[in-house]
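got a predicted model here, sequence first, then my questions.
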Amino acid sequence: MQSLSSSAIAARIAQIQSTLPPHVRLMAVTKTVSVEAMRVAYAAGIRDFGENRVQEAIAKQAKLQDLTDVTWHLIGHLQRNKAAKAVQHFDWIHSVDSLAIAQRLNDLAAQQQQTPTVCLQVKLLPDPNKYGWQPAELLNDLPQLDTCTHLNIVGLMVIPPYGLAPSEALAVFQRARDLADQIRRQSLTHLQMHHLSMGMSGDYQLAIQAGATIIRLGQIIFGERQT
């Protein structure tokens with residue numbers, strides 16, 4: 001993965017944290033990041049780790065059991081056959097991208113007597129590489145989502161298409177904020193919209209400007225991913 005030194009990773013985290021508003025939560029995206037680099041990030045104050053793949057996360061969790069105050073976030077697409085492990089191993093699941101997977105997670109959470117915190121992934125511009133509800137679809141599914149009482153649904157997750165100009169990315173983030181506001185006005189019983197999970201290394205400042213409460217940063221912390 002990264003070739004940055006421990007001191008460079010720590011310095012990058014400190015610099016980013018110094019610029020964040022108090023209400024914004026910094027998640028370190030640790031796909032392909034070594035356990036050693038994750039420990040450096042932890043020592044620098046990171047308590048939120050975001051993983052794209054369930055199996056990779058489980059392997060890392062086994063090696064980081066001593067870090068008992070870490071919150072684990074699943075941010076990658078969740079396949080149905082990995083849903084049970086996702087409920088078991090993650091505190092947050094940001095990538096709930098359909099009514100079917102939400103209902104599956106709700107059933108599993110009931111069986112496991114857990115209440116995972118969930119964000120609903122929305123797709124605000126056409127993008128064949130992304131999953132998620134289109135706004136009209138999500139609004140139509142809200143009554144059924146509100147019956148998923150074993151999920152703590154707290155907000156929306158957004159990933160803009162790659163290659164957008166800053167003004168276009170900002171517009172996507174603002175649309176997400178407006179959609180969350182629209183959902184909030186529905187006065188649903190169990191479905192809350194306290195969080196906007198949006199903004200990555202190249203656009204997180206725009207996301208914060210539009211109202212992000214959780215930013216997901218990988219490359220800017222750990223350096224270029226080596227595949």
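Done, it's in.

buried ones in stretch 83-96, by neighbour count?
Applying a neighbour-count criterion of 16 or more other Cβ atoms under 10 Å, the buried positions in stretch 83-96 are 83, 84, 85, 86, 87, 89, 90, 92, 93, 94, 95, 96. (Each C-beta comes from the backbone N, C-alpha and C, glycine too.)

list the contacts of that stretch.
With contacts defined as Cβ atoms under 8 Å, 6 or more residues apart in numbering, stretch 83-96 is touched by 50-51, 54, 57-58, 61, 71-78, 101-102, 104-105, 108-109, 112, 114, 116-121, 131, 151, 153, 157, 197, 214, 216.

from those, which land in strands?
In this view, these that belong to strands under DSSP state E are 50-51, 71-74, 117-121, 153, 157, 197, 214, 216.

quick one, the lengthiest helix in the chain and strand 117-122 angle?
Once the chain is assigned using DSSP state H, the helix that runs over the most residues is helix 166-184. Taking axes from the mean of the first three to the mean of the last three Cα atoms, to 10 degrees, one finds helix 166-184 and strand 117-122 inclined to each other by 120 degrees.

hang on, the earlier thing: of the ones in strands among the contacts of stretch 83-96 - the most surrounded one?
For these, the largest neighbour count, defined by other Cβ atoms under 10 Å, is 30 neighbours, found at residue 120.

I'd say that one and residue 153 touch.
Yes - under the criterion of Cβ atoms under 8 Å, residue 120 is in contact with residue 153, at a separation of 6.6 Å.

now the common contact residues for those two.
Counting by Cβ under 8 Å, 6+ apart, the shared contacts of residue 120 and residue 153 are 96, 102, 145.

which of the residues you listed lies closest to residue 208?
Each of the shared contacts of residue 120 and residue 153 was checked against residue 208 using Cβ to Cβ; the closest is residue 96, at 22.9 Å.

still on that earlier bit, would you turn the shared contacts of residue 120 and residue 153 into CSV with distance to residue 193?
Listed next are the shared contacts of residue 120 and residue 153 as CSV, based on distance: Cβ to Cβ, whole Å:
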residue, distance to residue 193
96, 14
102, 15
145, 12
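
now those in TSV, with pLDDT and distance to residue 17?
Conversion of the shared contacts of residue 120 and residue 153 to TSV gives the following (pLDDT from 0 to 100; distance: Cβ to Cβ, whole Å):
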residue	pLDDT	distance to residue 17
96	98	28
102	98	33
145	98	33
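
now residue 105: closest residue in space that isn't a chain neighbour?
With sequence-adjacent residues excluded and distances taken as Cβ to Cβ, 6 or more residues apart in numbering, residue 105 is closest to residue 83, at 5.7 Å.

before we move on, which element is that neighbour in?
Per DSSP states H and E: residue 83 is located in helix 83-89.

could you point out which element follows that helix?
Scanning the chain past helix 83-89 towards its C-terminal end, the next helix or strand to appear is strand 92-96 (assignment: DSSP H and E).

strand 117-122 and that next one, what's the angle between them?
Our comparison of strand 92-96 with strand 117-122, counting by the same axes, to 10 degrees, yields an angle of 20 degrees.

report the distance from strand 92-96 to the chain centre.
The chain centre lies 6 Å from the centre of strand 92-96; the measure is Cα atoms, centre = their mean, to the nearest Å.

that one pairs with which strands?
Strands flanking strand 92-96 in the sheet, each with its direction: strand 71-74 (parallel), strand 117-122 (parallel) (DSSP bridges).

possible to save these as CSV with mean pLDDT?
Putting the strands paired with strand 92-96 into CSV (pLDDT from 0 to 100) gives the following:
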stretch, mean pLDDT
strand 71-74, 98
strand 117-122, 98
